[in-house]
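Participant: Fold the stuff below for me.
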Amino acid sequence: MRPYSHVLDRLRSAGLRPTRQRLALAKLLFDCDHGRHITAEILHADAVANSIRVSVATVYNTLHQFTAVGLLREVVVDASRSYFDTGTHEHHHFFYEGSDKLEDIPEDRIAFAKIPEAPEGTTIKSVDVVVRIAPPTTVPSR
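Facilitator: Numbering: from 1, shown residues only. Model (predicted):
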């Protein structure tokens, strides 16, 4: 088996042409046993550390292309920052403010009593919950 064959198959089955950059970035994203929550900047740094020559703009474009075809799920944590999740199933996240860590919330730890009906003529596509976690505050000793 070729080292990139499973990544190559994944790109092709999603309808994406396996360019050199897409293949290299897909290998970084999908060659691990656990899911990844990654920003474009983190992926670019991983690429540089692995001697992959790619611009930050190409990383952004590739992440958005992968998201558009369902290979990734975008998690918006604030107006200026998004994470890309290799776990594309419906689930929710803890966001640790200050450390910028994003973590899956176990499915059995969150439940909804009621979700509003979608406005007429629309359907609910998904429900995304991001629970923001603050670091513990230090209480000054007296």
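Participant: List the buried residues of the biggest helix by length in the chain.
Facilitator: Scanning the chain for the helix with the most residues, using DSSP state H, yields helix 56-68. By 16 or more other Cβ atoms under 10 Å, the buried positions in helix 56-68 come out as 58, 59, 60, 62, 63, 65, 66, 67. Just so you know, the C-beta spots here come from the backbone N, C-alpha and C atoms, and that holds for glycine as well.
Participant: what does the model give residue 75 for pLDDT?
Facilitator: We have a pLDDT of 95 for residue 75.
Participant: That one belongs to a strand?
Facilitator: Yes. Counting by DSSP: H, G, I helix; E, B strand; the rest coil, residue 75 falls inside a strand.
Participant: Can you tell me the closest non-neighbouring residue to it?
Facilitator: Distance criterion Cβ to Cβ, 6 or more residues apart in numbering; nearest residue to residue 75, sequence neighbours excluded, is residue 83 at 4.6 Å.
Participant: quick one, strands of the chain?
Facilitator: Ranges of strands within the chain are 37-38, 73-78, 81-85, 92-96, 101-105, 130-133, based on DSSP state E.
Participant: With distance to residue 111 and mean neighbour count added, can I get the ones you listed in TSV?
Facilitator: Conversion of the strands of the chain to TSV gives the following (distance: least, Cβ to Cβ, whole Å; neighbours: other Cβ atoms under 10 Å):
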stretch	distance to residue 111	mean neighbour count
strand 37-38	22	20
strand 73-78	20	15
strand 81-85	21	19
strand 92-96	11	17
strand 101-105	11	15
strand 130-133	13	14
